[in-house]
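Asks: Structure here, sequence nowhere to be found:
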């Protein structure tokens with residue numbers, strides 16, 4: 001059975017509080033396969049797909065997993081882009 005496709009989370013320069021509700025899986029994109037996790041916005045309860053291939057995201061998630069039994073599910077964090085530039089790094093803080 002195919003998994004329901006959630007909308008993609010679009011990061012801005014304002015913090016959003018998210019909670020990971022799945023382990024990583026891959027989705028097919030126009031550039032090949034990409035790793036994602038499902039997240040829930042803790043402010044409004046909306047669920048999204050969150051792409052995790054950016055190095056600034058992957059490095060922080062590796063740190064956060066250590067305090068979570070090496071699991072992605074259950075991680076709570078705030079995220080924003082450092083600037084409005086297309087390839088600006090992400091800023092992630094544990095909450």
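Replies: Looks like it arrived, so ask away. Please read these numbers as outputs of a predicted model, since none were measured by experiment.
Asks: ok, the residue nearest to the spatial centre of the chain - contacts?
Replies: Centroid check for the chain by C-alpha atoms, centre = their mean gives residue 50 as the closest residue, at 3.7 Å. Residues near residue 50 by C-beta atoms under 8 Å, 6 or more residues apart in numbering: 8-9, 18, 20, 36-39. Heads up, the C-betas are built off the backbone N, CA and C, glycines and all.
Asks: So which of these belong to strands?
Replies: Using DSSP state E, the members of those that fall within strands are 18, 20, 36-39.
Asks: Mind giving me the PyMOL command for buried ones among the contacts of residue 50?
Replies: Only the buried members of these end up in this PyMOL selection, burial being decided by 16 or more other C-beta atoms under 10 Å:
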select buried, resi 9+18+20+36+37+38+39
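Asks: you'd agree residue 77 is up against residue 16?
Replies: No - using C-beta atoms under 8 Å, residue 77 is not in contact with residue 16; the gap is 9.4 Å.
Asks: what's downstream of the helix or strand harbouring the residue nearest to the centre of the chain, the next helix or strand?
Replies: Assigned by DSSP states H and E, residue 50 belongs to strand 47-51. Next in sequence after strand 47-51, counting helices and strands by DSSP H and E, comes helix 55-66.
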